[in-house]
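Enquirer: Could you work out the structure for the sequence below:
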Amino acid sequence: MKVPSELIRIYKAVHTWTGILTGMALFIAFYAGAITLFKEQLVAWATPPAASPARGVPLSAAPELINQTIARHSEAARELEIHVARSASAPDLLTWKVHDEGADEHDQLSARLFVATPASDGTVSAVQAERTKLAELIDVLHRVVGLPVDSDLNRSFMGVVAILYFLALASGLVTLLPSLIKDLFALRVGPNLKRMWLDAHNIVGLGSFPFHLIMALTAAVFAFHDPIYLVQNTLIHDGKLAAAFRPPAAPGGAQPRDPSTMVPPEQIVARVKAEAPDFEPTVLRYMRIKGPNPTLFVFGHDRHGALEQRALGGIAMVDPYTGRITSTAYLPGHQSASEIVLASVFALHFGSYGGAPLKWMYFLLALLGAWLVYSGNLLWIESRGRKAKQRVDGGAIPVQRRDTQLMASATIGVCLGAICGISLTICAAKWLHGRVDDLNSWHRILYYLTFFTAIAWSFYRGAARASVDLLRLATCLTLAIPLTSLIAAILPASALWASRDLGAVSVDLTAAALGLTFGVLARRTARRVYGGRRDSVWSAHAPVTESAAADSQGVAAE
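Expert: Residues are numbered from 1 along each chain as shown. Prediction:
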């Protein structure tokens, strides 16, 4: 079926402008999202040996620990966690978080973490823990496309970006339809770099289309699920939607419950494993322990990599006072057909199925997604650039359009600035540990300082020169990650550390591979910027400014 050329033109315009409007935000989301897939490994890399998992407190000590903690710290009764499986990110048995007054409940960067541990005299001591929030910061960058706070407003902005992203995908597919068979996976390598980049852009976009479609749709749902629930609660459920997710209140109405009568965590774990033998509980999250509707979420992972709705794994909902499993809607292998469909949508976004091989595939797809939107912006810039052959004086270097210059500088500054900022703040986890009072604040300061400095530098130097500068900086900062571990291994007195944990080592190896890749890109970019066509916006020899009058004359001439 032949698609009308006018329709193709409209869809091409939609694809171009939705891509331009969302490209830089999506680059940050994809690049940070790729790293977020391995949050646990990043935490292991950034956590010093002194904070290694403390396995001395057994799970059998949890009941007394819970009772004394709640007696002394009433805020812990709202939500506390028992960590069945210890790790670098959760080395303690009992923890709870306190959010600042007025803070968004999703804003984990501002939450204070407290740890309860038994003392030698039988009492319980509770201290505020200093845990690295490096992985959480990068996750926030992913969730709200580079904005500093995971708030309702910023999530709504992300939702708008996701919707435009979906429109860009759909319109791009329609645009490709006329030449889909002829040019399918055609990569024309030659002197026409724009043609080659367009072919590569189309191949990556078409080949990963299902992945991007899932990312766009699920991101929009994540961004707007609270307003959706609010509308459902008002119009359909008559304000009783929340009650559907809570177990029935115990006899006695609003009388406070006694936490000492709860079923011990060891028995809870045993009952859940009896129900699902392949399910390995990792975290017990107690909610509203003393209220009329207490809830216990048992998070864990299926040993065979079954479908799991959340990054934390599957969930079994349990009544903490009776030990009865109240819901298996999110428990792998125990879901109805409709529940599996819903869970699959979330699992497809998080990559929480298929184990390590699938996570690495998602990692590569996310990096390709970052390149896809980056190359889309570059193609738009190149298509609007002025060439010498278009001018009547032939041979003279044309002055580039103002909008082309600005978009080129913004693209280079935002995209490469995000890479540089993330690499630098990862290095800071080891270099600044023990040298500053609030390392987590420094993580945010270093990232945004680097990010905005890169943008300013790109506008000051011009996109062409800045692309070389910032790629070289990205190379150095990314290679500094494994170099830091190497220095720690060679010089133990440096106060750095090199973990032998497989996850931490994988961070070093991945950073080394990315750093070398950036180095290759920097070299090839420099070759084009300083030795390529002089009439390109990506040439260091092209004029980088023009007067408003010259700009208007050039536009009129076109």
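
Enquirer: Would you double-check that H304 falls in a strand?
Expert: No: per DSSP: H, G, I helix; E, B strand; the rest coil, H304 lies outside any strand segment and is coil.

Enquirer: Counting by contacts, list what the longest helix seen in the chain packs against.
Expert: Using DSSP state H to define each element, the chain has its longest helix at helix 5-36. Using 3 or more C-beta pairs under 8 Å, 6 or more residues apart in numbering; DSSP states H and E, the elements in contact with helix 5-36 are helix 134-143, helix 152-176, helix 355-384, helix 402-431. For glycine as for every other residue, the C-beta is placed from the backbone atoms N, C-alpha and C.

Enquirer: Apply 10 Å and report the result again.
Expert: Packing partners of helix 5-36 (3 or more C-beta pairs under 10 Å, 6 or more residues apart in numbering; DSSP states H and E): helix 39-46, helix 134-143, helix 152-176, helix 209-235, helix 337-350, helix 355-384, helix 402-431, helix 502-531.

Enquirer: Same list (the ones you listed) but as a markdown table, adding mean pLDDT, distance to W457 and mean neighbour count.
Expert: Formatted as a markdown table, the helices and strands packed on helix 5-36 follow (pLDDT from 0 to 100; distance: least, C-beta to C-beta, whole Å; neighbours: other C-beta atoms under 10 Å):
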| stretch | mean pLDDT | distance to W457 | mean neighbour count |
| --- | --- | --- | --- |
| helix 39-46 | 92 | 27 | 23 |
| helix 134-143 | 94 | 20 | 23 |
| helix 152-176 | 87 | 25 | 20 |
| helix 209-235 | 81 | 30 | 16 |
| helix 337-350 | 78 | 34 | 16 |
| helix 355-384 | 89 | 18 | 19 |
| helix 402-431 | 94 | 7 | 23 |
| helix 502-531 | 94 | 15 | 17 |
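
Enquirer: out of those, nearest to M196?
Expert: Checking the helices and strands packed on helix 5-36 against M196 by C-beta to C-beta gives helix 355-384 as the closest, at 10.6 Å.

Enquirer: packing partners for the closest one?
Expert: By 3+ C-beta pairs under 10 Å, 6+ apart, helix 355-384 packs against helix 5-36, helix 152-176, helix 193-207, helix 209-235, helix 337-350, helix 402-431, helix 463-490, helix 502-531.

Enquirer: In JSON lines, list the ones you listed along with distance to G369.
Expert: Listed next are those as JSON lines, based on distance: least, C-beta to C-beta, whole Å:
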{"stretch": "helix 5-36", "distance to G369": "4"}
{"stretch": "helix 152-176", "distance to G369": "10"}
{"stretch": "helix 193-207", "distance to G369": "8"}
{"stretch": "helix 209-235", "distance to G369": "6"}
{"stretch": "helix 337-350", "distance to G369": "13"}
{"stretch": "helix 402-431", "distance to G369": "12"}
{"stretch": "helix 463-490", "distance to G369": "18"}
{"stretch": "helix 502-531", "distance to G369": "15"}
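
Enquirer: To L65, which of those lies closest?
Expert: helix 502-531 (27.9 Å).

Enquirer: and the angle from that closest one to helix 5-36?
Expert: Helix 502-531 runs at 130 degrees relative to helix 5-36, counting by axes from the mean of the first three to the mean of the last three C-alpha atoms, to 10 degrees.
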